[in-house]
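Colleague: What follows is a predicted protein model with its sequence.
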Amino acid sequence: MRIQFPDLARPKQAAKNLVRMSPDLQLSAAHEALAHVLGYRDWRELSSSPRSDTSTAPFEADDAFRVVLDLADALGLPDPDVQYAISKARLLQHWSIDNHLSLRSAIWRQRVFGPPGRGKPGTIVRDKAYGANEPAYLRQAGRPTYLLFDTGMGVRADFEVAVPRIPLADFVPSRLWLPYGYWTLQDGSEVIFSRDYLPMWRIAEGTVERLDPWLWINGIAREFHFSRSAATVVWASGPARELALRYLEERRIFELPKLVDVMPHLFEVDVEAIADGVGKLREQRGDGQTPPAYAEINTRISFG
């Protein structure tokens, strides 16, 4: 399927964003890969093709799924980085955070977990403990059974977990993307943090930056919690969640933080907490990077 654009602005920006993801990637290679996945023979054909205003509508989910994975394979980049790069270029048009959550969980099912099955890690099960009937990812079957809920990790007796006959919808746990609060730094910038107090985003002079979750943020002047503001202890639903989502929308943050990328590591046998997954992620993708001036490496997280 050929995807048309009213001009080359968005494809060009997408290529530039992709190059920023890897020091070894040439702009010409990004151009050619983009042209191919968008349905063109090469960048020259894309550049000279007739223009269309039909691309003002958002990408369909299937198109976005294909474009992200095909680009990641062609360029040798992590698919979460590709998803972020092309979204920031508005190649996906104005996708909401819900669109991005659905796309990420669909990619996990395809690339990480595979088809669900009884006793298979990554299968969505139902947590029946304490009268609940909530979906959760199966991390490890047995006695006890280890689960990943929307709000974090937990343990259940095997009889408290039910495998549904019809597979349940995949989801991205709120623990990995929903803000718990934000810090105001001495320089006036804001750093959004997760329920585990891991940094997700920094906002400075109107610019939004994704942060590595293994950073320790320095120079904190004030701390704000959405649940405290909403006068509740419940942070992942209700008024606190609404406040957090409104905060993201007002700052035009519709993409997902790097913390979400720990998800595949949370199913490894030696991972017992979100922070353990962060350590694994840094080993895979962030080792050797120099922290920004306002941060340092979080020594409370185990690396290696």
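Modeller: Looks like it came in fine.
Colleague: what stretches of the stretch 201-304 of the chain score poorly on pLDDT?
Modeller: In the predicted model of the stretch 201-304 of the chain, residues 286-288, 303-304 satisfy pLDDT under 70.
Colleague: Helices of that one, start to end?
Modeller: 226-229, 238-250, 274-285 (DSSP state H, counting those that start in this stretch).
Colleague: Could you identify which of those helices is most buried?
Modeller: Of these, the one with the most neighbours on average (mean count of other Cβ atoms under 10 Å) is helix 274-285, at a mean of 20. Every C-beta, even on glycine, is put in place using the N, C-alpha and C of the backbone.
Colleague: Mind listing residues that contact whichever helix or strand Ala64 is part of?
Modeller: Element membership for Ala64 (DSSP states H and E) is helix 61-75. Identification of contacts with helix 61-75 by Cβ atoms under 8 Å, 6 or more residues apart in numbering yields 1, 3, 18, 22, 25, 29-30, 33-34, 36-38, 59, 77-79, 81-83, 86, 91-92, 95, 99, 102-103, 106-107, 110-111.
Colleague: Now a ChimeraX select for only the buried ones of these.
Modeller: In ChimeraX syntax, the buried subset of the contacts of helix 61-75 is picked out as below (16 or more other Cβ atoms under 10 Å):
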select :3,18,25,29,30,33,34,36,37,38,59,77,79,81,82,83,86,91,92,95,99,102,103,106,107
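Colleague: would you list the helices of the stretch 201-304 of the chain in JSON lines and tack on distance to Ala293?
Modeller: Shown next, in JSON lines, are these (distance: least, Cβ to Cβ, whole Å):
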{"stretch": "helix 226-229", "distance to Ala293": "27"}
{"stretch": "helix 238-250", "distance to Ala293": "25"}
{"stretch": "helix 274-285", "distance to Ala293": "19"}
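Colleague: Nearest to Pro144, out of the ones you listed?
Modeller: Of all those, it is helix 274-285 that lies closest to Pro144, at 18.1 Å by Cβ to Cβ.
Colleague: can you count the residues close to Leu215?
Modeller: Counted by other Cβ atoms under 10 Å, the residues lying close to Leu215 total 23.
Colleague: do Thr290 as well
Modeller: If we define neighbours as other Cβ under 10 Å, then Thr290 has 6 of them.
Colleague: Same question for Ala14.
Modeller: By other Cβ under 10 Å, the residues close to Ala14 number 25.
Colleague: and it, what helix or strand is that in?
Modeller: Ala14 belongs to helix 9-20, assigned by DSSP H and E.
Colleague: For that helix, name the packing helices and strands.
Modeller: Judged by 3 or more Cβ pairs under 8 Å, 6 or more residues apart in numbering; DSSP states H and E, helix 9-20 is in contact with helix 27-37, helix 79-88.
Colleague: out of those helices, nearest to Thr290?
Modeller: helix 79-88 (18.6 Å).
Colleague: next helix or strand past the closest one?
Modeller: That would be, after helix 79-88 and using DSSP H and E, helix 97-108.
Colleague: Find out how far that next one is from the centre of the chain, if you would.
Modeller: 8 Å (Cα atoms, centre = their mean, to the nearest Å).
Colleague: okay if I get the helices and strands packed on helix 9-20 as CSV plus mean pLDDT and distance to Phe267?
Modeller: What follows is the helices and strands packed on helix 9-20, written out as CSV (pLDDT from 0 to 100; distance: least, Cβ to Cβ, whole Å):
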stretch, mean pLDDT, distance to Phe267
helix 27-37, 96, 29
helix 79-88, 96, 16
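Colleague: Report the buried residues of the helix holding Ala14.
Modeller: Arg10, Pro11, Lys12, Gln13, Ala14, Ala15, Asn17, Leu18, Val19.
Colleague: May I have the phi/psi pair for the closest residue to the fifth one other than its chain neighbours?
Modeller: Looking back up the chat, that one is Ala14. Nearest non-adjacent residue to Ala14, counting by Cβ to Cβ, 6 or more residues apart in numbering: Ala89, 3.7 Å away. Dihedral angles of Ala89 (phi, psi; degrees, to the nearest 10) stand at phi -80, psi 0.
Colleague: Good, wrapping up.
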